[in-house]
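Undergrad: Provide a 3D model corresponding to the input given below.
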Amino acid sequence: MVRIKSSQKVFTEEEVASLTGICPEHLRGLARNKHLGTLSGVAEAAAGAEKLLFSNSDLMIMTVLHPRCQH
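TA: Alright, predicted model coming up:
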């Protein structure tokens, strides 16, 4: 079970990885395959520094679909 503040609406990749225990590589793969998360900015994405942002519902879906990474 993941506990979050009710006021927080958007989560970064790093926050999701620490809350769910899913490593960043698996997190990106899951987000890409299941179409979860949104890119944080067009200018940043064009520069190659794309970052994903996740909603509360994205976070809950990830906790159900993927177990904690053991590596």
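Undergrad: what's the distance between the nearest residue to E50 once chain neighbours are set aside and L52?
TA: Residue nearest to E50 in three dimensions, not counting chain neighbours: L39, with 5.5 Å by CB to CB, 6 or more residues apart in numbering. Just so you know, the C-beta spots here come from the backbone N, C-alpha and C atoms, and that holds for glycine as well. For L39, the distance to L52 equals 7 Å [CB to CB, to the nearest Å].
Undergrad: what do you get for E15?
TA: E15 sits 11 Å away from L52, going by CB to CB.
Undergrad: which intervals of the protein have sub-threshold pLDDT?
TA: Scanning the chain for pLDDT under 70 picks out 1, 41-49.
Undergrad: quick one, helices of it?
TA: 13-20, 24-34, 42-46, 56-65 (DSSP state H).
Undergrad: any idea which of those helices is most buried?
TA: Each of those was scored by mean neighbour count; the highest is helix 13-20, a mean of 17, by mean count of other CB atoms under 10 Å.
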